[in-house]
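Participant: Mind looking at a prediction? Sequence and model below.
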Amino acid sequence: MNLILGSQSPRRRELMAGLDIPFTCVTIDADESYPADLQAGDIPLYISRAKARAYAGQLQPDDLLITADTIVWLNGQMLGKPQSKAEAKHMLAQLSGQTHQVYTAVCFTWLHTTPHHVAQPLHDSFVDCTDVTFRTLTAEEIDYYVEKYMPLDKAGAYGVQEWIGYVGVTRMEGSYFNVMGFPIGRVYEWLNTHN
């Protein structure tokens, strides 16, 4: 199979490369809006499948497309990517002293040929969840992190592999790599099982 990672995320690309399996990357322009009644892990699941559908028409018979989406979930609310530094600081202030969940959905898509020789895309997906606890952050720490690291491309306005993760995260239950945006161990398991 030709593995295709449908992601612009440098972190997902880095983690995928760590498997030592050849793959290519593509950028997918997909509508990432979702129905308002979706909750928690159902949100990234919906979006990862939307990314897959947006690219499915370009799949070749030997291709396996991997798409993913990550959200931060705090007290029944989704924290996506901040639109400004002010919003990023507000998100981190909300996360301060709290435990939140990070949900990443991964969708695998390939072509299946029907008995009538029609190629149809098939999907398989999973959702991974990690509990992350932050100690109480000071306003100065939040300002420093946002001004220096500009986490506007990250769900919840933070990267666990950056300074804020070093100094702020006190507890984690689940996959560290899931919090980075790609539960690579489960991706590897899926690829092994479906080889």
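Facilitator: Structure's in. What do you need?
Participant: Going by C-alpha atoms from here, please, whenever you check contacts or count neighbours.
Facilitator: Will do.
Participant: And for Glu89, the neighbour number?
Facilitator: For residue 89 the amino acid is Lys, not Glu. If you count neighbours by other Cα atoms under 10 Å, Lys89 ends up with 24.
Participant: quick one, phi/psi of the residue of the chain positioned farthest from its centre?
Facilitator: In the chain, counting by Cα atoms, centre = their mean, His116 sits farthest out from the average C-alpha position, at 36.2 Å. When read as degrees, to the nearest 10, the backbone of His116 gives phi -90, psi 20.
Participant: and Thr67, how many residues sit next to it?
Facilitator: Neighbour count for Thr67, taken as other Cα under 10 Å: 26.
Participant: Quickly note the distance from it to Tyr145.
Facilitator: Noted for Thr67: a distance of 29 Å to Tyr145, by Cα to Cα, to the nearest Å.
Participant: what residues are up against the residue lying closest to Gly41 once chain neighbours are set aside?
Facilitator: The spatially closest residue to Gly41, leaving aside those adjacent along the chain, is Tyr103, at 5.5 Å (Cα to Cα, 6 or more residues apart in numbering). Tyr103 is in contact with 40-41, 44, 70-73, 127-130, 178-179, counting by Cα atoms under 8 Å, 6 or more residues apart in numbering.
Participant: go with 6 Å
Facilitator: Gly41, Thr70, Ile71, Asp128, Cys129 (Cα atoms under 6 Å, 6 or more residues apart in numbering).
Participant: How about Glu32?
Facilitator: Residues in contact with Glu32 (Cα under 6 Å, 6+ apart) are Ile47.
Participant: one more time with 8 Å, if that's ok
Facilitator: Shown in contact with Glu32 (Cα under 8 Å, 6+ apart): Ile47, Ala50, Lys51.
Participant: just Thr170 next, same as before
Facilitator: Contacts of Thr170 by Cα under 8 Å, 6+ apart are Val132, Thr133, Phe134, Arg135.
Participant: Now a ChimeraX select for only the buried ones of those.
Facilitator: Listed next is the ChimeraX selection for buried residues among those, using 16 or more other Cα atoms under 10 Å:
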select :132,133,134
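Participant: Which one of the contacts of Thr170 is nearest to Glu189?
Facilitator: Nearest to Glu189 among those, counting by Cα to Cα, is Val132 at 23.4 Å.
Participant: Please, which helix or strand holds the closest one?
Facilitator: Per DSSP states H and E: Val132 is located in strand 119-134.
Participant: what about the longest helix belonging to the chain, distance to the chain center?
Facilitator: Determined from DSSP state H, the single longest helix within the chain is helix 42-55. Relative to the chain's own centre, helix 42-55 is displaced by 11 Å; criterion: Cα atoms, centre = their mean, to the nearest Å.
Participant: Can you give me the buried ones in that helix?
Facilitator: 42-53, 55.
Participant: Redo these as JSON lines? Include distance to Thr99.
Facilitator: Formatted as JSON lines, these follow (distance: Cα to Cα, whole Å):
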{"residue": "Asp42", "distance to Thr99": "20"}
{"residue": "Ile43", "distance to Thr99": "19"}
{"residue": "Pro44", "distance to Thr99": "19"}
{"residue": "Leu45", "distance to Thr99": "22"}
{"residue": "Tyr46", "distance to Thr99": "24"}
{"residue": "Ile47", "distance to Thr99": "24"}
{"residue": "Ser48", "distance to Thr99": "25"}
{"residue": "Arg49", "distance to Thr99": "27"}
{"residue": "Ala50", "distance to Thr99": "29"}
{"residue": "Lys51", "distance to Thr99": "29"}
{"residue": "Ala52", "distance to Thr99": "31"}
{"residue": "Arg53", "distance to Thr99": "33"}
{"residue": "Tyr55", "distance to Thr99": "35"}
